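> Build the 3D model from these lines:
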Amino acid sequence: MRCMSTAAHVGGSQVLVIIPTALAEGNFVGKTVSEELRVPTMQDKIWKMLDNSDAFIALLGGLGFLDQAGEENFIPHSARQVFISASTAEEMTDKLEDFVYELDPVAA
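Now for the predicted structure:
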């Protein structure tokens, strides 16, 4: 994730690192290149990520967040239509650019 956030930051994107205080103080992740927000718990991390993000990209081996968010109902069932998968970065970029959210009539 450090490589991804560094590349995004160098490319001019806004990057917000949200990390539990225990991990930040334990130096498990190293120095961040952008804004860092420390939160008390992993649950707080998930809520802050949901509050501050337009999209999430899970890399191979990085689906733990999505699994936990789904199990704990942080992502409402009506919003799960927004999960998009792709085999390449180019395909993901195309799908994200073309995506149009359709309001769930049951949730409306």
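> neighbours of Lys45, just the number please.
If you count neighbours by other C-beta atoms under 10 Å, Lys45 ends up with 19. Yep, even glycine has a C-beta here, placed from its N, CA and C like the rest.
> Look up how far Thr21 lies from it.
10 Å (C-beta to C-beta, to the nearest Å).
> Which neighbours do those two have in common?
Val39 (C-beta atoms under 8 Å, 6 or more residues apart in numbering).
> Could I get the full set of helices for the chain?
Assigned by DSSP state H, the helices in the chain fall at 2-10, 21-25, 42-52, 64-71, 89-98.
> mean pLDDT lowest for which of these?
Sorting the helices of the chain by mean pLDDT places helix 64-71 lowest, at a mean of 59.
> Counting neighbours, what do you get for the residue nearest to Lys48 when sequence neighbours are not counted?
Take Lys48 and drop its neighbours on the chain: the residue closest to it by C-beta to C-beta, 6 or more residues apart in numbering is Ile18, 4.8 Å away. Residues lying near Ile18 (other C-beta under 10 Å) number 18.
> Pairing partners for Ile18 in the sheet, please.
Using DSSP bridges, the bridge partners assigned to Ile18 are Leu37.
> Okay, it and Ser53: tell me how far apart.
Taken as C-beta to C-beta, the span from Ile18 to Ser53 is 9 Å.
> So which of the helices of the chain is nearest Ser34?
Checking the helices of the chain against Ser34 by C-beta to C-beta gives helix 2-10 as the closest, at 4.9 Å.
> Quick check: buried residues in the closest one?
For helix 2-10, burial by neighbour count (16 or more other C-beta atoms under 10 Å) applies to Ser5, His9.
> Against which helices or strands is that helix packed?
For helix 2-10, there is no helix or strand it packs on, judged by 3 or more C-beta pairs under 8 Å, 6 or more residues apart in numbering; DSSP states H and E.
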